[in-house]
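A.B. asks: Need a 3D model of the sequence below.
(chains A, B and C)
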Amino acid sequence: MLVEYFTIGIFIAIAIAFACFAVLASHFLGQRKPSAIKQAPYECGMTTVGSSFRRVPIKYYIIAMLFLIFDIEVVFLYPWAVVFKEYRVFAFVSMAVFLGILILAYIYIWKKGALEWE
Amino acid sequence: MKLPEIDLYLIAPEIILTAFGFLVLLADVFSPRTEKKGYLGILSLIGIVVAFFYTLPLIGSGKSGFEGMFTADGFALFLKVTFLIIAFITILISMGYAEREGIAFGEYYALILFSTLGMSLMASGTHLITIFLGLETMSIAIYVLAGMLREDRRSVESAFKYFLLGAFATGFLLYGIALLYGATGSLQLKEIATYIASKNLLRNPMLMISLVFLTIGFGFKIASVPFHMWTPDVYEGAPTSITAFMATGVKAAGFAALIRVFFTALPQFRPDWTSIMWLISVATMTVGNIVAISQSNIKRMLAYSSIAHAGYILVAFVAGNDIGISGILFYLMAYAFMNLGAFTCVILLGKKGEENTLITDYSGIGFKYPLLAASMTVFLLSMAGIPPLGGFMAKVYVFSAAVKEKFYWLAILGVLNSAVSVYYYLRVTVLMYFREPQREITGLQFSPASVLALIIALIGTFYMGLFPANVLSFAQKSIVGLM
Amino acid sequence: MILPPVPPAFYLVLSGILFTIGVIGALTRRNAIVVFMCIELMLNSVNLSFITFSRFLQSIEGVLFAFFIIAVAAAEAAVGLAIFVMLYRSKETINVDEVNLLKW
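C.D. replies: Numbering: from 1, shown residues only, chains lettered A, B, ... in the order given. A predicted model of the protein is given here:
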């Protein structure tokens, strides 16, 4: 029975082997000249000020949630696109109704001010 | 290429509810912020009336469409009428209450319309996808509505608990549906029944597990013991108008889907689910009534009483004959009137920042607010099952269905439970008329819309008690072809 | 070299295991977000079942149902996270044990 997983097993083995090889190879072959700047957590850019666990404006969550909702519509667009050629006008109208409802929701959040950053 | 069958008249009520939901939402955001928003409630009421007038011509046609995904049979239409009445009264109550509590946004009314849409989809769905989508449309709207009072910690907590437990129950329901699909290869209820009958799958373990999971999923929505733990917390914390909506609408929709799935798709398993439901019914009635006795908050007491009522309805579900199912329809409508009425009284006794929901707050109001107290008495007596009110006739039908199918013990336990329930309903009445007020309740404002809601509920309760034959014959005609 | 595919029963067992992990997690965890993630795990295990059945039965309905579950789960997540944020604002915690204002 387990022979059916053989291909997956080979794949996993190769993946692990390659990852180990890459890490070990750079460990043994690479040169190292440590300096204070290279040891810093951020090698380039600004040094961080204060704790990295800061309060984030609530706007991020709102945008994230709205993105989530509108992103999911794509899940219906893919199967629709597959059968579009077969159903043509019917498919177009159905999807227009669906997207129309989404646009109403979009107008609502826009007017509500959920997309304004300030 | 064959186009799917589309019949827009069949789903006209649903389309109208959706359209008005969006109309209310957009009307809110396009009007100036400072403006009074009283017209939003009226707009929603118009939507419900229009949906109602598009529902009526469908009655008696018994048509179904959308490739067997949707039906407008009598059963669905009776329930749709009930849902629209519930939504109508809820919005009437809200027009005073939501304004008082500062939550009369467009979203509030729109979400009520959307959840009514979900309920009618649940009643009309003959395909598990339709039923599931209806259930979720209803539930997600209610999760938000329960937390509408953002400043009130109890409301937030209520939404939180309802959401987590609701999502959890959805998981079980879905797994049940998945197993049902796996065992029968279909999601259409009639096709499932045909397949089970033709292959004789009565001892199929997958179907057995599926039955258990479906019972858990629906048991949560109708708040039956042992899946009732969320009910008192959620009902107490949610805005009172939404509590009324949940106790009547969500429960009725849960029963609609439960009956549809069990009687249409799984009639072969009748002996199996009858014995499970027998136990659940008895437990639900008993726990609901006994715990209700010790409550000190009226919303909590009504929550436990609504659990007990779910138990009575399950008695008829167990009986499962014609009287039983039409009795359930009758019961759901009668319960809608009396329960919405009782919650309206609870709302009217409160004011901004002072809810007055302790049962002791009711002492002595019989003399101060005689009409309010009298209506409250009528609703409580109706729930206790005292003639000549709607609740009495509903119980008669439900218990006689059980007797007819020889479930004598079930009927006896039901009647005994009903007798216990008289105690806590009468206690409130006694407090209202025979006790001195514990503290002054003054400055109540009776908004005209709430009073109208109260009058409608009173008329409904009396009408169903005095002239039950009309509604019952409508209910009996409605269930033709369901089983 | 083409080996025979993994039998459908294996997927169903995996789905059952995932569902059980989800249920146990939802019942025992105390952080609301983790509880919610466990519930999402339950929904996804159901999706796996649906897709397996759909392929096994050669019927498209199961896949369709999975799409709808994904969409509904997204809507639920949006509402749920909003409720958690609201709860955190009013109580400064999302530990389910500390949400205990309402009880008898």
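
A.B. asks: okay, and for chain C, where does confidence drop off?
C.D. replies: C:1-4, C:102-104 (pLDDT under 70).

A.B. asks: nearest residue to the residue of chain B found nearest chain A other than its sequence neighbours?
C.D. replies: The minimum distance from chain B to chain A, using Cβ to the nearest Cβ, falls at B:V29 (3.8 Å). Glycine gets a C-beta too; all of them are placed from N, C-alpha and C. Using Cβ to Cβ, 6 or more residues apart in numbering or on different chains and skipping residues adjacent in sequence, the residue nearest B:V29 is A:K111, 3.8 Å away.

A.B. asks: Check the gap between the one you found and chain C for me.
C.D. replies: A:K111 sits 19 Å away from chain C, going by Cβ to the nearest Cβ, to the nearest Å.

A.B. asks: chain center to the worst-scoring helix or strand of chain A on mean pLDDT: distance?
C.D. replies: Among the helices and strands of chain A, helix A:36-39 carries the lowest confidence by mean pLDDT, DSSP states H and E, at a mean of 74. The gap between where helix A:36-39 is centred and where its chain is centred comes out at 31 Å by Cα atoms, centre = their mean, to the nearest Å.

A.B. asks: Now do the SS call for the residue in chain C that chain B sits nearest to.
C.D. replies: Chain C approaches chain B most closely through C:M42 (3.6 Å), counting by Cβ to the nearest Cβ. Classification of C:M42 using DSSP: H, G, I helix; E, B strand; the rest coil returns helix.

A.B. asks: give me the element A:P34 is part of.
C.D. replies: Under the criterion of DSSP states H and E, A:P34 resides outside all helices and strands.

A.B. asks: Please report how far it lies from chain B.
C.D. replies: Distance, A:P34 to chain B, using Cβ to the nearest Cβ: 50 Å.

A.B. asks: which residue packs closest to B:I242, ignoring adjacent ones?
C.D. replies: Leaving aside its sequence neighbours, B:I242 sits nearest to B:L145 (Cβ to Cβ, 6+ apart; 4.6 Å).

A.B. asks: quick one on the thing from earlier: got the contact list for the residue of chain B closest to chain A?
C.D. replies: By Cβ atoms under 8 Å, 6 or more residues apart in numbering or on different chains, the residues touching B:V29 are A:I107, A:Y108, A:K111, A:K112, B:G106.

A.B. asks: Output the below-cut-off pLDDT ranges for chain A.
C.D. replies: Along chain A, the parts satisfying pLDDT under 70 run over A:1-2, A:4, A:41-48, A:52, A:118.

A.B. asks: can you give me the helices in it?
C.D. replies: According to DSSP state H, chain A carries its helices in the segments A:6-29, A:36-39, A:58-72, A:74-87, A:89-112.

A.B. asks: Is it possible to get CSV of the contacts of B:V29 that adds neighbour count?
C.D. replies: Shown next, in CSV, are the contacts of B:V29 (neighbours: other Cβ atoms under 10 Å in any protein chain shown):
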residue, neighbour count
A:I107, 15
A:Y108, 19
A:K111, 14
A:K112, 14
B:G106, 24
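
A.B. asks: residue ranges of the helices in the stretch 151-300 of chain B, please?
C.D. replies: Remark: helices assigned in the stretch 151-300 of chain B by DSSP state H, counting those that start in this stretch are B:153-184, B:189-199, B:205-221, B:230-237, B:240-245, B:251-259, B:270-293, B:298-319.

A.B. asks: Go through the ones you listed and pick out the most buried.
C.D. replies: helix B:240-245 (a mean of 30; mean count of other Cβ atoms under 10 Å in any protein chain shown).

A.B. asks: And B:I293, how far from B:Y423?
C.D. replies: Separation of B:I293 from B:Y423 (Cβ to Cβ, to the nearest Å): 6 Å.

A.B. asks: Also A:A19?
C.D. replies: 71 Å.

A.B. asks: ok, the nearest residue to B:T18 once chain neighbours are set aside - contacts?
C.D. replies: Closest residue to B:T18 apart from its sequence neighbours, by Cβ to Cβ, 6+ apart: B:L117 at 5.8 Å. By Cβ under 8 Å, 6+ apart, the contact list for B:L117 reads B:E14, B:L17, B:T18, B:G21, B:G134, B:T137, B:M138.

A.B. asks: Which of those fall in helices?
C.D. replies: Those of the contacts of B:L117 mapping onto helices are B:E14, B:L17, B:T18, B:G21, B:G134, B:T137, B:M138, per DSSP H.

A.B. asks: Excluding chain neighbours, what is closest to the fifth one?
C.D. replies: With Cβ to Cβ, 6+ apart as the measure, B:L121 is the residue that lies nearest to B:G134, at 2.9 Å, once sequence neighbours are left out.

A.B. asks: just checking, that neighbour touches B:E136?
C.D. replies: No. Checked against Cβ atoms under 8 Å, the pair B:L121 and B:E136 is beyond contact range at 9.7 Å.

A.B. asks: more neighbours, these two?
C.D. replies: The residue with more neighbours, out of B:L121 and B:E136, is B:L121; 27 against 24, by other Cβ atoms under 10 Å in any protein chain shown.

A.B. asks: which SSE is the more buried one in?
C.D. replies: helix B:106-124.

A.B. asks: pull the CA atoms of that helix into PDB?
C.D. replies: Taking Å, rounded to 0.1, in the frame of the first residue of the first chain, the C-alpha atoms of helix B:106-124 are listed here in PDB:
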ATOM      1  CA  GLY B 106     -28.700  51.600   8.100                       C
ATOM      2  CA  GLU B 107     -26.600  48.500   8.800                       C
ATOM      3  CA  TYR B 108     -28.900  47.500  11.600                       C
ATOM      4  CA  TYR B 109     -32.000  47.400   9.400                       C
ATOM      5  CA  ALA B 110     -30.100  46.000   6.400                       C
ATOM      6  CA  LEU B 111     -28.800  43.100   8.500                       C
ATOM      7  CA  ILE B 112     -32.300  42.300   9.700                       C
ATOM      8  CA  LEU B 113     -33.400  42.100   6.100                       C
ATOM      9  CA  PHE B 114     -30.400  40.000   5.100                       C
ATOM     10  CA  SER B 115     -31.000  37.600   7.800                       C
ATOM     11  CA  THR B 116     -34.600  37.300   6.900                       C
ATOM     12  CA  LEU B 117     -33.400  36.500   3.400                       C
ATOM     13  CA  GLY B 118     -31.200  33.700   4.900                       C
ATOM     14  CA  MET B 119     -34.200  32.400   6.800                       C
ATOM     15  CA  SER B 120     -36.400  32.100   3.700                       C
ATOM     16  CA  LEU B 121     -33.600  30.500   1.800                       C
ATOM     17  CA  MET B 122     -33.400  27.900   4.500                       C
ATOM     18  CA  ALA B 123     -37.100  27.200   4.300                       C
ATOM     19  CA  SER B 124     -37.100  27.000   0.500                       C
END
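
A.B. asks: Perfect, I'm done here.
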